[in-house]
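Chemist: Quick check, what structure comes out for this input:
(chains A and B)
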Amino acid sequence: MKIKTLTSAIVLSGATLIAIPSLAADTIKVGVLHSLSGTMAISETTLKDTVLMMVDEQNKKGGLLGKKIEAVVVDPASNWPLFAEKGRELLTKDKVDVIFGSWTSVSRKSVLPVLEELNGLMFYPVQYEGEESSKNVFYTGAAPNQQAIPAVDYLMNDLGVERFVLAGTDYVYPRTTNKILEAYLKAKGVAAKDIMINYTPFGHSDWQSIVSDIKKFGSEGKKTAVVSTINGDANVPFYKELGNQGISSEDIPVVAFSVGEEELSGLDTKPLVGHLAAWNYFESVDTPENEAFIKAWHAYTKNPDRVTNDPMEATYIGFKMWANAVTKAGTTDVDAVEQAMIGQTTPNLTGGIAVMNKNHHLSKPVLIGEIQDDGQFEVVWETDGVVAGDAWSDFLPGSKDLISDWTAPIKCGNYNTKTKTCSGQNY
Amino acid sequence: MRRITFRHCIALCCCLFGLFSLSTHAAESVSLDPLLAELGEAKIKDIEPILVRIEAVSDETVLPLLRTLLNGNLYYIKAEKKVIGEFETNGETYYKDVFTDEINAGIDKRDVDKIRVNNNLRGYLRNAIARIQLTSKSPSVRENAVRELLSKLDDSTVAALERLYPYESNKKVKEAMGLALAMNTASQTELAPSNRIAAIEKLSSSLENDVRNLLTTLTRDDNTAVVTAANIALEKIAQRANRFAFVDQLFFGLSLGSVLLLASIGLAITFGVMGVINMAHGEMIMLGAYTTYVVQLMMPNYIDYSIWVAIPAAFLVSGLMGVLIERLVICRLHGRPLETLLATFGISLILQQLVRTIFSPLNRQVSTPSWMSGSWEINPVLSLTLNRLYILAFALLVFIVLVIVLKKTSLGLNVRAVSQNRNMAKAMGVKTNWVDAMTFGLGSGIAGIAGVALSQLTNVGPNLGQSYIIDSFMVVVFGGVGNLLGTLVAAFTLGIATKFLEPTTGAVLAAILVLVFIILFIQKRPKGLFPQKGRAAE
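Modeler: Predicted coordinates:
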């Protein structure tokens, strides 16, 4: 009995709604659906703060449509099914006009059916594996062609890499990304024996034999690189082991898609120096917009040591675009805002202009940076202009012919250009 | 790519010119100051040409500058147009002149800009340092310089090596130089095949990675005789390398085994000897790891010695926590294993949350002492990482000490008496309560020590313990409950099995296979590898 009450108490406290009291009777409500506890809290709390900062700034400018904006923060506690429940709560009980939220793909997939059923609107700010386009979601993070493909191009063209190790944590994002990369590399003429694919469980800590395998794979007379979709905690022992076995970033560079400033801020960066990461944003990029953003962030968090990162920029762009779209549409009605969003532009923090495309993905520049010992990145390469995010990869047999276009007359997230049909599947 | 090689050639020509001119007018010193000022002002992509010019006009005295730049510690004082090195001793940062070692006290972090380097520059710097060191006085420095240059043998490097080769007095350096020259001969397509084949044969005795790279490219040569010779040489090298690879694999297995042993040996006492299913065992390991972190925080200037303080400290912290848990919770649930299981699980959650509240949910950074970093290079294909080597030795030491404690001390005698027959021991005047608390404290303390070792290998965070608890139970059950020797054998068996499976099956499947194997094994022998015999078994 005691245990039962205890569990229910835990569940209750975990599910408690942290609502900021309403400022005025008539407000525009912004839902924040980021985990504030559990394993993803490390990353997602920052994004919650970013949204709150943006709301704060917008209110200082007089709000939207003459109304104040009110943030409603809920905690889905890194629990994927809870994302659906909390999403439903935000849409039905709090009646929010828009949601900013989710980090992992599984949490997004969990809340998607709710968004489509209740016709909600969500902004998703994290790089992901693509193969999805919902009418109710705007994807402001990178699609594979905005992160993985340019990174591999850089390795091949600039570093002369001929052999690739695709190392990842065993879940949906690395598996899909590696599938796309493998198809892409083969299309570029890389032989199957020059590609090594390796998956490890979450939080893997004993990298000895895998690193030794990579070393062996790299000693065949061809320049070798590691493309890493290794997630979270497991990165530290991985890079440490590389250093211990004497593999330097000049011999076998590692380009990572999940290591950013936030992840580096708690680490001993020595073994990582010189390795690469591909993102659409780096804190070190020197532009007036970025400087202002970092300054505002330090002021808002009252902590001059807080770093900024790529998903924060994605949240920033998403929020700016949403505010503009609401102003343009003159209402917060989801269908009107959704149409007003397409074609919206906002300056990137790294220079250039981000554009929201018909497929609900952004056009953004792609940067590749080398990790420095202060936990920042030195940009070594960037795309000439912006790259349009591609919802359906051109390199996977199943999605080659699919496009997403949410404007009339197609209005479909997965339109097959060969058969000229929409599959009818919701997302 | 081509542009860079061309630039390297120019660099080398300049360098060689520098080497030649060195002997003639070494005394004449060219002022580097304008070049250094230019270096400080340059964008990262313009740095290499400046370095080429610096290298051309300087000798060994420029090494400190290049090394400081390579380590990313070179800064530029804009106001004075000077470069300066950043150094750190005893946790304090200060700036000093890289050439004269003169400390520049009046300089603050805000006055200087970092001169950044990237991988291209690092590679260039490493080679430049090696080129300068070819004429160093110390033979070992010369040998390392030659080995460093093996990967980038261009005409000018070869010319320099050919010039130095006849005068080289040290046998090892001469051997390395000979290897480099043989590599050059083997790769020259315009030379007579017989010369090249002779060179290839010479190469077949080397295990160097660069040699293998070269031979692999030679197997695609136009000359069939060269291709055959290269293939034979590769075969020969592969045979030797495979033997070492096996040793390497075995070491990986032993190392994983030692981690498993450390993590489970404390459990072997609390679960094996006392019969308490302690779900909070992992958190005792975590506490030990956090103790290491705190110890390092308290003595930032003596990181190299911090481990020696952390080991007893972690034993005490986790041990006391163990005694506390035993006195407050476990002794009240005596003989009720299911409730003990649930209660200790609750304790593990409480401890995790406690750590989250005190230290934040982010991982904490524990530094590795310098004597534990790096690896012991036996030959180019076999090197054992030092931290794992130390942990292997440490695990065995802990095991031996524990066996001695249980077999030779009065506490050990009491522990064995209580675990074999509690009532009889009580009747003989053994204070069973006290013995229980001490045993639990001992097991927890050992888990704390394991935490110190693990903090050197993995992330120190609130979830550290959870990732080892399953493995620990697996080892203890597989080895036979209540048998320390069984735990030892089980830990190493599982470690080696996992590491030999991993390359073929991948990490995920390897873990599954090991688990399936244990389940099948337990079906056949429910009491593990070394079951308790006699009356003690009941």
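
Chemist: Could I get the phi/psi values of residue A:244?
Modeler: phi -60, psi -40 (degrees, to the nearest 10).

Chemist: and the nearest residue to it once chain neighbours are set aside, how many residues sit next to it?
Modeler: Once flanking residues are discounted, residue A:244 sits nearest to residue B:385: 4.2 Å by C-beta to C-beta, 6 or more residues apart in numbering or on different chains. Every C-beta, even on glycine, is put in place using the N, C-alpha and C of the backbone. Residue B:385 has 25 neighbouring residues, counting by other C-beta atoms under 10 Å in any protein chain shown.

Chemist: burial of residue B:34, as a residue count?
Modeler: 10.

Chemist: for the helix or strand harbouring it, what is the average pLDDT?
Modeler: Counting by DSSP states H and E, the element that carries residue B:34 is helix B:33-41. Helix B:33-41 shows a mean pLDDT of 82.

Chemist: for stretch B:84-91, same thing?
Modeler: On average, stretch B:84-91 scores 74.

Chemist: what's the answer for stretch A:97-111, then?
Modeler: pLDDT averaged over stretch A:97-111 gives 93.

Chemist: Quick check: buried residues in it?
Modeler: Across stretch A:97-111, burial judged by 16 or more other C-beta atoms under 10 Å in any protein chain shown covers A:97-105, A:107-111.

Chemist: mind checking the end-to-end distance for stretch B:34-50?
Modeler: 11 Å (C-alpha to C-alpha, to the nearest Å).

Chemist: Need the contact partners of it.
Modeler: A:378, B:7, B:11, B:51, B:53-54, B:57, B:65, B:76-78, B:81-83, B:113, B:115-118, B:120-121, B:124 (C-beta atoms under 8 Å, 6 or more residues apart in numbering or on different chains).

Chemist: Now the element after whichever strand or helix holds residue B:283, going C-ward?
Modeler: Secondary structure assignment for residue B:283, by DSSP H and E: helix B:281-298. Going down the chain from helix B:281-298, the next helix or strand is helix B:303-328, by DSSP H and E.

Chemist: That next one vs helix B:281-298, what angle?
Modeler: Here the directions of helix B:303-328 and helix B:281-298 differ by 140 degrees (axes from the mean of the first three to the mean of the last three C-alpha atoms, to 10 degrees).

Chemist: for helix B:303-328, packing partners?
Modeler: Using 3 or more C-beta pairs under 8 Å, 6 or more residues apart in numbering or on different chains; DSSP states H and E as the contact test, the elements touching helix B:303-328 are helix B:281-298, helix B:337-359, helix B:432-454.

Chemist: if we go to 7 Å?
Modeler: When contacts are defined as 3 or more C-beta pairs under 7 Å, 6 or more residues apart in numbering or on different chains; DSSP states H and E, helix B:303-328 sits against helix B:281-298, helix B:432-454.

Chemist: Chain A is nearest to which of these?
Modeler: Nearest to chain A among those is helix B:432-454; the distance by C-beta to the nearest C-beta comes to 8.6 Å.

Chemist: what comes up buried for that closest one?
Modeler: Result for helix B:432-454 [16+ other C-beta under 10 Å]: buried residues B:432, B:435-454.

Chemist: Next: stretch A:171-188.
Modeler: Result for stretch A:171-188 [16+ other C-beta under 10 Å]: buried residues A:171, A:173-185.
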